[in-house]
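Engineer: From the sequence below, what's the structure:
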Amino acid sequence: AIFAILAMIGSRAMLILARNPETFRWAVLVVSPMAEGLLLPVFLVGLKRLTVKEERPMAFSLNYALHNAGGGIADVVIDIFRTWQVKD
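Structural biologist: Next up, the predicted model:
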């Protein structure tokens, strides 16, 4: 769990501190997905342990819904950021 958190912090630092496109691509396409893949099981176990049995289905469904909402909103946000970055 600690390694996963440190990997996530490292990937976010790479995204912030990237000075060239290759470092940014490496952070986005390799380091960040691997760190999130390591951290997701830890998060789900924590969600299971920290919720009472009666509220657990609602907690998991809310988690699933927010992941889907994030995926649906992400492409719109990326397009907005792209228009800010491109100065035509």
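Engineer: so how many other residues sit close to residue 28?
Structural biologist: Neighbour count for residue 28, taken as other Cβ atoms under 10 Å: 14. In short, each C-beta sits where N, CA and C put it, glycine included.
Engineer: quick one, phi psi at the residue nearest to it when sequence neighbours are not counted?
Structural biologist: Counting by Cβ to Cβ, 6 or more residues apart in numbering, residue 15 is the residue found nearest to residue 28 once chain neighbours are left out, at 7.0 Å. When read as degrees, to the nearest 10, the backbone of residue 15 gives phi -60, psi -40.
Engineer: Can you check the pLDDT for residue 15?
Structural biologist: Predicted confidence (pLDDT) at residue 15: the value is 88.
Engineer: how much space is there between it and residue 24?
Structural biologist: 7 Å (Cβ to Cβ, to the nearest Å).
Engineer: One more: residue 78?
Structural biologist: Here residue 78 is placed at a distance of 14 Å from residue 24 (Cβ to Cβ).
Engineer: Show me which of those two is the more surrounded one.
Structural biologist: Taking other Cβ under 10 Å, residue 78 and residue 24 do not tie; residue 24 has more neighbours (15 against 9).
Engineer: which residues sit in contact with that one?
Structural biologist: 14, 15, 18 (Cβ atoms under 8 Å, 6 or more residues apart in numbering).
Engineer: Checking the nearest residue to the last one once chain neighbours are set aside next. Helix, strand or coil?
Structural biologist: Think residue 18. Nearest residue to residue 18, sequence neighbours excluded (Cβ to Cβ, 6+ apart): residue 24, at 4.0 Å. Going by DSSP: H, G, I helix; E, B strand; the rest coil, the secondary structure assigned to residue 24 is helix.
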